[in-house]
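Chemist: The following comprises the amino acid sequence and a computationally predicted model.
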Amino acid sequence: MKLTNAEKLAITVEHQRIRKILGATICGCCGFLLTTSPNSPWEDVAYARAAHVDELIEALERDE
């Protein structure tokens, strides 16, 4: 699916919120989750393990 710029911005904002509230291992570069925790809102571990928000957006766009 193709994401709009507004959707990409919303994902980026959520990325920032999640990294603040979860007690998970985070990427030293951008802070995105590298592992999930029991409190994780992410149901798909593949998305949760995306190292960077750009990779997450690309994965979502590939997902049909």
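Modeler: Perfect, I can see it now. As the structure is a prediction and not an experimental result, all values here were calculated from the model. Numbers count the residues shown, from 1 in each chain.
Chemist: So A59, which state does it fall into?
Modeler: Classification of A59 using DSSP: H, G, I helix; E, B strand; the rest coil returns helix.
Chemist: Tell me the spacing between it and L3.
Modeler: 11 Å (CB to CB, to the nearest Å). Just so you know, the C-beta spots here come from the backbone N, C-alpha and C atoms, and that holds for glycine as well.
Chemist: likewise L9?
Modeler: Per CB to CB, L9 is found 10 Å from L3.
Chemist: For those two, work out which one has more neighbours and name it.
Modeler: A direct count of neighbours by other CB atoms under 10 Å for L9 and L3 places L3 higher, at 14 against 11.
Chemist: dump the residue contacts of the more buried one.
Modeler: If you count contacts by CB atoms under 8 Å, 6 or more residues apart in numbering, L3 has them with I11, I57, L60, E61.
Chemist: Quick one: buried ones out of those?
Modeler: When neighbours are counted using 16 or more other CB atoms under 10 Å, the contacts of L3 contain these buried positions: I57, L60.
Chemist: Identify the farthest-apart pair in the contacts of L3.
Modeler: Of all pairs drawn from the contacts of L3, the one with the longest distance (CB to CB) is I11 and E61, at 10.6 Å.
Chemist: So E55 versus E61, what's the distance?
Modeler: According to CB to CB, E55 stands 11 Å off from E61.
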